[in-house]
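Colleague: 3D, please:
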Amino acid sequence: MVKVSKRKKSFVDVVADSQKAVSLEDAVEMIEKFPAVKFDETVEVHVSLNISVKSSDQMVRGTVILPNGTGKKVRIVVVCKGEQVQVAEQNGADFVGGTELIDKIANGFMDFDCVIATPDMMRDLSKLGKMLGPRGLMPSPKAGTVSADVERVIKEIKAGRVEFKSDKQAGIHVGVGKRSFSKDQLKENVRHLLEAIDHAKPSSVKGDLIKSLYLSTTMGPGLRIVV
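Modeller: Here you go, the predicted structure:
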């Protein structure tokens, strides 16, 4: 006989039918009743898309500013030179520099969550593609992280801008806040993200873009949401 842990039983008590789709409002209510853990869990959105991963023109990618932020402190690297160095420092970038910072990263420094680069540094930064690319950290114009307007990009990221991108399984996975957020804050963030994903729908995709949608916490089960 399989023994059910006390924690798992607590989830079962909250989620009577894990296969049943519920409204976003009900899902947020359920998350509030999940058993507590010793840290502030991230609330995550998991989306399955109606796209062909073999078609390059069906990649779904974009950015969105979550109105209530992510609840996470983002450590920002800005690769730039000249006057932009002072601009980046004054606007709260955690690490700022040019080729010397690129060399530091090449030698193993990875204590950051986001990389911004000015266009004139991309040639030098390109050598880090194999390091930063697989981690989703390589700056790109499409993600808005290659820009001459360093001040604006830093402020947007600190305000809660997140990037989303479909993966090889036609999925998108994004943190949209913390369990400590109010129910209204979480719902507003989720809705903004879904609107941005829908807005990024490729013209070659027919029908609805989103096939299925789940909401979960770091340590909790996935809750299927009505699409």
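Colleague: secondary structure element for Tyr214?
Modeller: Under the criterion of DSSP states H and E, Tyr214 resides in strand 210-217.
Colleague: chain center to that strand, what's the gap?
Modeller: In this view, strand 210-217 has its centroid 14 Å away from the chain centroid, taken as CA atoms, centre = their mean, to the nearest Å.
Colleague: My guess is Val45 contacts Tyr214. True?
Modeller: Yes. With contacts counted by CB atoms under 8 Å, Val45 reaches Tyr214, the gap being 7.5 Å. Where C-beta positions appear, they are placed from N, C-alpha and C, glycine not excepted.
Colleague: between the two, who's got more neighbours?
Modeller: Val45 (22 against 18; other CB atoms under 10 Å).
Colleague: Could you tell me which residues make contact with the more buried one?
Modeller: Contact analysis of Val45 by CB atoms under 8 Å, 6 or more residues apart in numbering lists 172-176, 190, 193-194, 213-215.
Colleague: What of Cys114?
Modeller: So Cys114 contacts 74-77, 137, 145, 157 (CB under 8 Å, 6+ apart).
Colleague: neighbour-wise, which of these leads?
Modeller: Counting by other CB under 10 Å, top hit in these: Val77 with 26 neighbours.
Colleague: which SSE is that one in?
Modeller: If you go by DSSP H and E, Val77 is part of strand 76-79.
Colleague: Nearest residue to His173 in space, ignoring adjacent ones along the chain?
Modeller: The spatial neighbour of His173 that comes closest, neighbours along the chain excluded (CB to CB, 6 or more residues apart in numbering), is His46 at 5.2 Å.
Colleague: right, I mislabeled it, should have said Val74
Modeller: Per CB to CB, 6+ apart, closest to Val74 is Asp113, 4.8 Å.
Colleague: isn't that neighbour right up against Phe95?
Modeller: No. Asp113 is not in contact with Phe95 according to CB under 8 Å; the separation is 11.0 Å.
Colleague: between those two, what contacts are shared?
Modeller: With CB under 8 Å, 6+ apart, Asp113 and Phe95 have common neighbours 75-76.
Colleague: Any stretches of this protein with poor pLDDT?
Modeller: Applying pLDDT under 70 to the chain flags residues 1-19.
Colleague: What segments of the chain are strands?
Modeller: 42-49, 61-65, 76-79, 95-97, 114-117, 161-165, 171-178, 210-217, 223-225 (DSSP state E).
Colleague: Would you reformat those as CSV and include distance to Ser23?
Modeller: Converted to CSV, the strands of the chain look like this (distance: least, CB to CB, whole Å):
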stretch, distance to Ser23
strand 42-49, 15
strand 61-65, 21
strand 76-79, 36
strand 95-97, 42
strand 114-117, 33
strand 161-165, 22
strand 171-178, 16
strand 210-217, 11
strand 223-225, 7
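Colleague: so which of these is the most packed in?
Modeller: strand 76-79 (a mean of 26; mean count of other CB atoms under 10 Å).
Colleague: quick one: buried residues of the biggest helix by length in the chain?
Modeller: Looking across the chain with DSSP state H, the single longest helix is helix 183-199. For helix 183-199, the neighbour count (16 or more other CB atoms under 10 Å) marks 185-190, 192-194, 196-197 as buried.
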